[in-house]
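Asker: Whatever this is, show me its structure:
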Amino acid sequence: MGWALSLNPDSDLTEKALTMAYELRGKPKGLMFHSDQGCQYTSLKFRRLLWRYQIKQSMSRRGNCWDNAPMERFFRSLKHEWIPETGYGSFSEAKHAITDYIVGYYSQQRPHQYNGMLPPNLAEQKYWNDYKVVASST
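Answerer: Numbers count the residues shown, from 1 in each chain. Below you'll find the predicted structure:
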């Protein structure tokens with residue numbers, strides 16, 4: 001998972017999030033990046049980064065909002081479980097609190113129904129462990 005926070009939802013923001021995810025996963029090959037058709041994803045600058053990382057780009061057709069359901073669900077959880085009703089006092093406070101949510105709670109502890117009630121990090125670890133078992137038996 002990669003994330004970034006900014007006061008501007010532009011291609012710099014999406015580049016930071018993509019770079020974080022790409023580097024945290026050890027610069028894997030054969031990736032696909034799926035997004036909507038927002039200008040931050042269609043910019044030449046962002047598309048060049050995808051090309052540099054050799055990541056294939058996939059975009060939803062207009063009006064296919066269900067393609068983004070996992071991210072919509074994440075933001076719903078963040079807003080209802082973590083962000084105070086009055087908001088944060090500063091951008092710095094928001095950045096620290098939201099990072100704590102993503103790293104310390106959402107990814108490490110929060111159970112997800114789709115993952116068999118495992119948090120994302122454990123579900124991903126299980127996936128790779130199972131993948132290694134299948135790959136070694138073939």
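Asker: and the nearest residue in space to Asn115 that is not next to it in sequence, how many residues sit next to it?
Answerer: Computed as CB to CB, 6 or more residues apart in numbering, the closest residue to Asn115 that is not its neighbour in sequence is Ala123, at 3.7 Å. Where you see a C-beta, it was placed from the backbone N, CA and C, and this is true even at glycine. By other CB atoms under 10 Å, the residues close to Ala123 number 16.
Asker: which SS state does Ala123 fall under?
Answerer: Three-state assignment for Ala123 (DSSP: H, G, I helix; E, B strand; the rest coil): helix.
Asker: What count of nearby residues applies to Thr14?
Answerer: Neighbours around Thr14, by other CB under 10 Å: 23.
Asker: coming back round to it: on the pLDDT front, check the residue nearest to Asn115 for me.
Answerer: The model reports Ala123 with a pLDDT of 89.
Asker: doesn't His112 make contact with it?
Answerer: Yes. When contacts are counted by CB atoms under 8 Å, Ala123 is listed as touching His112 (7.0 Å).
Asker: circling back: list the contacts of the residue nearest to Asn115.
Answerer: 112, 115-116 (CB atoms under 8 Å, 6 or more residues apart in numbering).
Asker: Now tabulate those residues in CSV and tack on neighbour count.
Answerer: Compiled in CSV, the contacts of Ala123 are given as follows (neighbours: other CB atoms under 10 Å):
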residue, neighbour count
His112, 16
Asn115, 16
Gly116, 10
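Asker: in the host helix or strand of Leu18, what's buried?
Answerer: Assessed by DSSP states H and E, Leu18 sits inside helix 11-24. By 16 or more other CB atoms under 10 Å, the buried positions in helix 11-24 come out as 11, 13-15, 17-18, 21-22.
Asker: next one: stretch 32-50
Answerer: 33, 35-36, 40-41, 43, 46, 49-50.
Asker: thinking Leu50 is in contact with Phe33, fair?
Answerer: Yes. Judged on CB under 8 Å, Leu50 makes contact with Phe33 at a distance of 6.0 Å.
Asker: list the contacts for the closest residue in space to Lys95 that isn't next to it in sequence?
Answerer: Nearest residue to Lys95, sequence neighbours excluded (CB to CB, 6+ apart): Leu5, at 5.0 Å. By CB under 8 Å, 6+ apart, the contact list for Leu5 reads 13, 91, 94-95, 98-99.
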